[in-house]
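Engineer: sequence-free structure coming up:
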């Protein structure tokens, strides 16, 4: 007597195995978990190792007042300052494949947006701003040139400012995808 195989069952098991392998690979290469201090936590889809720093910076605000701000930065590259970037010669930003998110309490959203625009983008970059449920979101870019795409998102709850940046030598979808993965939690 011959054993009868059910092709539908074999197909379903095969699909489940392939799906399980895909989920396992995605889980090991992308770490979407909670980052930031309790008062400014967020999730974002970083790939690989995430570098973390806590820094105190002096920031000059309007009226000549200087504030001391504690910021927490998270990036897929080693940090070189508050915004986790590597400045090039002549004050021009030298980007490399990097995702980063910084969070600070008591910062001015406008000051962060102006700093990002000045440091990382060329004149004429597109910008947008929206306010939903008491949360302000300003986007800068994306701006692409010579195969490199940059984009930034600054989110503020009034008390907390998150600065999310992506600089990538590749398609614009990569920087858009990272910024889209960001979600403020507290």
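Structural biologist: Sure thing, it's come through. All figures in this text were calculated on a predicted structure; none of them were measured in a lab.
Engineer: which stretches in the protein count as strands?
Structural biologist: Residue ranges of the strands in the chain, as given by DSSP state E, are 30-35, 42-47, 51-60, 66-75, 98-105, 127-132, 135-145, 148-156, 160-169, 183-184.
Engineer: for the second one, which strands pair with it and how are they oriented?
Structural biologist: Using DSSP bridges, the strands paired with strand 42-47 in its sheet are strand 30-35 (antiparallel), strand 183-184 (antiparallel).
Engineer: most tightly surrounded among the ones you listed?
Structural biologist: When neighbours are counted by mean count of other Cβ atoms under 10 Å, the highest per-stretch mean among the strands paired with strand 42-47 falls to strand 183-184, a mean of 17. All C-beta spots, glycine's among them, are computed from the backbone N, C-alpha and C.
Engineer: what about that strand, distance to the chain center?
Structural biologist: Relative to its chain's centre, strand 183-184 lies at 10 Å (Cα atoms, centre = their mean, to the nearest Å).
Engineer: by mean pLDDT, show me the worst of the strands paired with strand 42-47.
Structural biologist: Set side by side, the strands paired with strand 42-47 show their lowest mean pLDDT on strand 30-35, which sits at a mean of 75.
Engineer: so where is this protein shaky, pLDDT-wise?
Structural biologist: Counting by pLDDT under 70, the chain contains low-confidence ranges at 1-31, 59-62, 79-96.
Engineer: which residues touch the residue positioned nearest the centre of it?
Structural biologist: The centroid of the chain falls nearest to residue 164 when counting by Cα atoms, centre = their mean (4.0 Å). For residue 164, the contacting residues are 44, 100-101, 152-155, 178-179, 182, taking Cβ atoms under 8 Å, 6 or more residues apart in numbering as the criterion.
Engineer: let me have the residues you listed in JSON lines, extended by distance to residue 130.
Structural biologist: Written out in JSON lines, the entries for the contacts of residue 164 read as follows (distance: Cβ to Cβ, whole Å):
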{"residue": "44", "distance to residue 130": "19"}
{"residue": "100", "distance to residue 130": "22"}
{"residue": "101", "distance to residue 130": "19"}
{"residue": "152", "distance to residue 130": "15"}
{"residue": "153", "distance to residue 130": "11"}
{"residue": "154", "distance to residue 130": "12"}
{"residue": "155", "distance to residue 130": "10"}
{"residue": "178", "distance to residue 130": "19"}
{"residue": "179", "distance to residue 130": "14"}
{"residue": "182", "distance to residue 130": "15"}
